[in-house]
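J.: Could you work out the structure for the sequence below:
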Amino acid sequence: MWLIGVDVGGTFTDFFALDGASGAVRVYKRPSTPENPASAIVQGMRELCAEAAIDPEVIERICHGTTVATNALIQRRGGKVALVTTKGFRDLLEIGRQTRPHLFSLQRDNPEPLVDRAWRHEVEERVGPRGEVRVPLCENSLRKVVADIAASDAQACAVAFLFAFINPEHEKVVREALADANPNLYISLSSEVQPEFREFERFSTTVLNAYLQPVMDRYLTDVGDELGTAFPKATVGIYQSSGGLMSVGRARALPVRTALSGPAAGVVGAVHVARSSARPNIITFDMGGTSTDVCLIRDNTLSLSHERDVAGFPIRLPMVDINTIGAGGGSIAWFDRDGLLKVGPISAGAVPGPACYSRGGDRPTVSDANCILGRFAPGGLIGGRMQMDLAAARRAFDPVAERLGLSIERAALGVLGIVTANMVGAIRTVSVERGNDPRDFSLMPFGGAGPLHAAEVARSLGMREIIVPLSPGILCALGLLVSDLKEDFVTTARVDLSAAGLRKVSQRLDALLAEATHWAEREGIDPARRYDELTLDMRFVGQNFELSVPIGRRMNGAQLKLPECEALKKLFFEAHDKAYGFHNADAPIEIVNVRLSAGSALSPIEIRHAGNGHAAVQPIGRQRVHFIETDSRDTLVYDRATFRPGQTLEGPAIIAQFDSTTVVFPGDRVTVDDSLSLIIEVQQ
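T.: Numbers count the residues shown, from 1 in each chain. Prediction:
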């Protein structure tokens, strides 16, 4: 049975297919269709099956990473949303935390709320901080709100009451009333979307979920119907931002969990490759057509963040800790009002794309710069199906070179220098600014453009080793296949770290385990494959933010116990030392949230590679490549498909493959390891 991962990016849609019986791999890539992402998925699947001779009847699982939710937030193309909240709190979305979006800018504003003030409705009710009902839900005010929403053209409604994460009964009553009046209305309850304290973040996350529900429901219906018709025996899983798969039904109910779907899959795929190459500490560098995502991995362990901004809106949900900037192969070079040359975040995307793609683009991009400098293989992209138009790239760069008073080649090098500086800054954010030296890590570039720029990024950071995966341009799609089915549960339990406090935490943990068991039964998960991971959010009393402290993991229904107070103190002190460099052993500690991540390992996959190669790698051509301003030279071109474990080569070199191109600078040395990854020793 075949397993297929499908990752939809801004420029290309990627496919990674694995034969579960033989371990054979097929990869495929086609331009995305931004106007309807489902078209590229279904058409690409059919093309892949035809090219690889795969019978649609034997496709067992399709794992899908999507950017639909992210793009809907960025472009503000979600549904029309109403909000129902506690009387006196309709303006919380605008008041927020009263912090400026940028510390040094008095002009920049927070984005406008997704719910107009006229569509924010108040209901008389009040629940206290211990879950006690202080003001009962007023039926008269509820009837008026329900009638107002029914009379509007709202497609979705977010319901967020004060302290509903402790007592959700009022929210449930409102849902029943809204559903009775308008059965087609999408409804999101804060007690289900994000049941933990911090009202503003909970309200914002719930509104975002409601805003995305109409868009994601239509998209998942289109994808599900077309895939179900073409591939009737395949189970479809949707990727979520925390690094796991969920069912289509769960994605419809909680679409906000897919806000960073694709980048998270890439990091999971990178961890899989790093384990195969025995490199536990890496910095991932995922450069696609529109953006670059970076993430620091230590000891092959993903780092999760529980609060992020997406398109300027705060989301409080578990997400892989990724830093994203607007720098990709399609990033456009432009001159600001100050006359300085900038690169990105505006992108040519898939349509019209860079000028060198011959798809109608005429503005200078990063890909055009690489084309001008000779860094693409002569056969073009996607196995030769997309040829490079050098003349078009040079025409696009003519105005830039003329304004700078430079040659076209030097202007192209300048553009690459700017985009490299942007990416170095992103990596410093996840490494140096958090107390990590990037020189202690290996750089793992992937995405279609990552291996093109890795050498310059590594040199700028003083990094000595680069690991290029076997299929760097398809790595996000591979990450989809090696991920588990996963669900995250959370409850707030703000108690002192004491024996009495732990008894309350234990009760909350039992409730979460019961929820996880219900979820596993609903998803049809084999108990023998299920696991549960416990994390506690802890802080010193008086601190504003808490740290997530991993506590333990159980398999096969084994008992999951809380450690004693002293053991928890030790774990918290270690986490505090790692984050801040110190701890106060005498300060009181409190537990804030209990988090349970339940999962199920899907069928294990095994990718088989060809045997060792003893013969020298043979080049397939030669071309002129510009590496630095004063260094252009004839450079050998190699076909990566011919590489075998144990082979080596010296830079300079251009290594071409179906999904990406790797640039090896003069003096660098490449070794092919047992997993067919390229290990590049960087000559500093």
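J.: Can you list the low-confidence ranges for the stretch 501-650 of the chain?
T.: Filtered on pLDDT under 70, the stretch 501-650 of the chain yields the residue ranges 556-557, 603-614, 630.
J.: Where do the strands of it begin and end?
T.: Using DSSP state E, counting those that start in this stretch, the strands of the stretch 501-650 of the chain run over 530-540, 547-555, 589-600, 621-628, 631-639, 648-650.
J.: closest to Val267 out of the ones you listed?
T.: Nearest to Val267 among these is strand 589-600; the distance by CB to CB comes to 15.9 Å. C-beta here means a position set from N, CA and C on the backbone, and glycine is covered the same way.
J.: gap between the helix or strand where Ala477 lies and the chain center?
T.: Using DSSP states H and E, Ala477 sits within helix 475-481. Its chain's average C-alpha position is 12 Å from that of helix 475-481, according to CA atoms, centre = their mean, to the nearest Å.
J.: What is that helix packed up against?
T.: strand 2-8, strand 12-19, strand 59-65, helix 261-276 (3 or more CB pairs under 8 Å, 6 or more residues apart in numbering; DSSP states H and E).
J.: Show me what the next helix or strand along the chain from it is packed against.
T.: Later in the chain than helix 475-481, the nearest helix or strand by DSSP H and E is strand 485-496. The helices and strands touching strand 485-496, judged by 3+ CB pairs under 8 Å, 6+ apart, are strand 244-247, helix 499-522, strand 589-600.
J.: how about these in TSV, adding distance to Ser204 and mean neighbour count?
T.: As requested, those are exported to TSV (distance: least, CB to CB, whole Å; neighbours: other CB atoms under 10 Å):
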stretch	distance to Ser204	mean neighbour count
strand 244-247	21	23
helix 499-522	23	15
strand 589-600	17	22
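J.: so what pLDDT did the residue lying farthest from the centre of the chain get?
T.: Farthest-out residue of the chain from its mean C-alpha position, per CA atoms, centre = their mean: Asn140, at 44.1 Å. If you check Asn140, the pLDDT there is 95.
J.: contacting residues around Ile325?
T.: Ser291, Thr292, Gly344, Pro345, Asn422, Met423, Gly425, Ala426 (CB atoms under 8 Å, 6 or more residues apart in numbering).
J.: Okay, and the beta partners of it?
T.: Beta-bridge partners for Ile325, by DSSP bridges, are Thr292.
J.: any idea how far Asp634 is from it?
T.: Distance, Ile325 to Asp634, by CB to CB, to the nearest Å: 34 Å.
J.: which stretches of the stretch 1-150 of the chain form strands?
T.: All strands of the stretch 1-150 of the chain, identified by DSSP E, counting those that start in this stretch, fall at 2-8, 12-19, 25-31, 59-65, 81-86, 120-123, 126-127, 133-135.
J.: among those strands, which is nearest Tyr531?
T.: Ranking the strands of the stretch 1-150 of the chain by proximity to Tyr531 (CB to CB) places strand 59-65 first, at 18.9 Å.
J.: Could you give the separation of that closest one from the chain centroid?
T.: Centre-to-centre, strand 59-65 and its host chain are 18 Å apart (CA atoms, centre = their mean).
J.: What of stretch 126-145?
T.: 38 Å.
J.: Low-confidence bits of this structure, can you list those?
T.: For the chain, the stretches with pLDDT under 70 are 10, 382-384, 556-557, 603-614, 630.
J.: Show me which helix runs longest in it.
T.: When the chain is parsed with DSSP state H, its longest helix is helix 199-230.
J.: Now do the same contact list for Ile467.
T.: The contact partners of Ile467, taken as CB under 8 Å, 6+ apart, are Val273, Ala274, Ser277, Arg279, Ile282, Ser442, Leu443, Met444, Ser677, Leu678, Ile679, Ile680.
J.: can we see that at 6 Å?
T.: Ser277, Arg279, Ser442, Met444, Ser677, Ile679 (CB atoms under 6 Å, 6 or more residues apart in numbering).
J.: Please look at the fifth one and Ala278 and confirm they touch.
T.: Which is Ser677. No. Ser677 is beyond contact range of Ala278, at 10.4 Å (criterion: CB atoms under 6 Å).
J.: Looking at these two, which is more packed in?
T.: Ser677 (22 against 10; other CB atoms under 10 Å).
J.: Which residue is the nearest non-sequential neighbour of that one?
T.: Closest residue to Ser677 apart from its sequence neighbours, by CB to CB, 6 or more residues apart in numbering: Ser277 at 5.0 Å.
J.: Outline the domain layout of this structure.
T.: Under the assignment automatic domain parsing, the domains of the chain span 2-72+217-261, 73-216, 485-600.
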